[in-house]
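Enquirer: show me the folded form of this:
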Amino acid sequence: MPDHLVGVAVRRFDSLEAWSVSSALAVKTKHVKLGSCVTDPHRRHPAVLAQTVTTLDHLSNVGPILGIGAGEAMNLEPYGIRWDNPVSRLYEAVKLVKECWAQPVVNFEGNFFCVEDALVEPKPIQKPHPPIWIAGNSPSTMKMTAEIADGWIPVCIPPDVYKENLEKILEWAKSYGRNPESIEPAILVWVAVAEDRDKARELKSYRERRL
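Expert: The predicted model follows:
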C-alpha cells in the first residue's frame with residue numbers, strides 16, 4: 001500500500017490511509033503478505049509506527065512488511081510537516097522501531113527522537129521482527145539498506161542500473177558483517193493496464209506529466 005496523504009494514481013489524488021486499509025485486507029487473506037510502499041519517518045513517531053505494524057502483525061495470517069523511505073516534500077510540506085534531514089531521520093527511526101520491537105523497556109536518545117523508560121507492547125509475532133525494507137536509489141539509502149534493513153525497494157530504475165546497485169548493496173552488507181542473502185531485493189514499478197498498447201502508453205505518459 002502506498003502511504004501518502006496525497007494520492008499519486010493516474011487522474012486521482014485521493015488516498016486512503018495505508019495501515020487501516022491493510023488491516024481490513026489482513027482479515028480477508030491467508031496467503032498475501034501486506035506492507036507499505038512506503039511510509040516515512042516524519043508523519044509517525046517511530047514508537048507509533050512500531051505499534052501500528054505490530055497491530056497488523058497480530059491481525060494478519062502472514063505478517064506485514066514495513067517499507068519505509070526518507071519521505072517526499074509533496075507529501076509533507078503542504079500539510080505543515082517539515083521535511084528536514086530526511087536520510088538521517090530515516091536511519092534513526094529504523095533503529096528506534098527495532099528497539100521498540102526488541103526491548104521490554106525502551107530507552108533511546110538520538111538527534112531526532114528521544115524515548116525514556118517507554119513500553120511498547122505487545123511485541124510482534126514475526127521473529128526477530130517484521131521485515132523492514134528501505135526505499136531509495138541514493139548511495140546513502142542503499143548503504144543504510146546494507147547496514148540495517150531486510151530488503152531494498154528502489155523506484156523505477158533500468159535493469160542494468162538495478163543490477164549494479166544491488167551488487168553494491170550486497171558488497172556493503174558483507175563489509176558490515178551481514179549475510180548478503182538476508183537482504184530481499186524488490187522494486188517499485190508503475191503498471192498501466194488498458195485494452196491496447198496505445199491506450200496504456202497514453203495513461204503512462206499522463207501520469208508522468210502530472211508527477
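
Enquirer: okay, now the unreliable bits of the chain?
Expert: 8-12, 204-211 (pLDDT under 70).

Enquirer: show me where this protein has strands.
Expert: Ranges of strands in the chain, per DSSP state E, are 66-68, 106-109, 114-118, 132-135, 151-153, 184-185.

Enquirer: most packed of these?
Expert: strand 66-68 (a mean of 27; mean count of other CB atoms under 10 Å). For the C-beta atoms, the positions are set from N, CA and C on the backbone; glycine is no exception.

Enquirer: list of residues touching it?
Expert: With CB atoms under 8 Å, 6 or more residues apart in numbering as the contact definition, strand 66-68 has outside contacts at 35-41, 49, 53, 90, 93-94, 97, 130-135, 151, 153.

Enquirer: nearest to H31, out of the strands of the chain?
Expert: strand 184-185 (17.7 Å; CB to CB).

Enquirer: partner strands of the closest one and their direction?
Expert: strand 151-153 (parallel) (DSSP bridges).

Enquirer: now what about the partner strand, what contacts it?
Expert: Here strand 151-153 makes contact (CB under 8 Å, 6+ apart) with 37-38, 65, 67, 69, 131-135, 142, 145, 166, 169, 183-188.

Enquirer: repeat that for stretch 20-35.
Expert: Contacts of stretch 20-35 (CB under 8 Å, 6+ apart): 1, 36, 55-56, 59-67, 133.

Enquirer: apply 10 Å and report the result again.
Expert: For stretch 20-35, contacts defined as CB atoms under 10 Å, 6 or more residues apart in numbering pick out 1, 3, 15-19, 36, 52-53, 55-68, 130-133, 151, 153, 186.

Enquirer: list only buried entries from those residues.
Expert: Buried subset of the contacts of stretch 20-35 (neighbour count, 16 or more other CB atoms under 10 Å): 1, 3, 15, 18-19, 36, 52-53, 55-57, 59-60, 63-68, 130-133, 151, 153.

Enquirer: of those, which belong to helices?
Expert: Here DSSP state H is the test, and the buried ones among the contacts of stretch 20-35 give A18, W19, T52, V53, T55, L56, D57, L59 as lying in helices.

Enquirer: quick one, what contacts the closest residue to L96 other than its chain neighbours?
Expert: Spatial nearest neighbour of L96, chain neighbours left out: P46 (4.0 Å); criterion: CB to CB, 6 or more residues apart in numbering. Listed by CB under 10 Å, 6+ apart, the contact partners of P46 are 68, 89, 92-100, 106, 108, 110, 112-113, 115, 120.

Enquirer: in PyMOL, how would I select the buried members of the residues you listed?
Expert: The following PyMOL line selects those of these that are buried, judged by 16+ other CB under 10 Å:
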select buried, resi 68+89+92+93+94+96+97+98+99+100+106+108+112+113+115+120
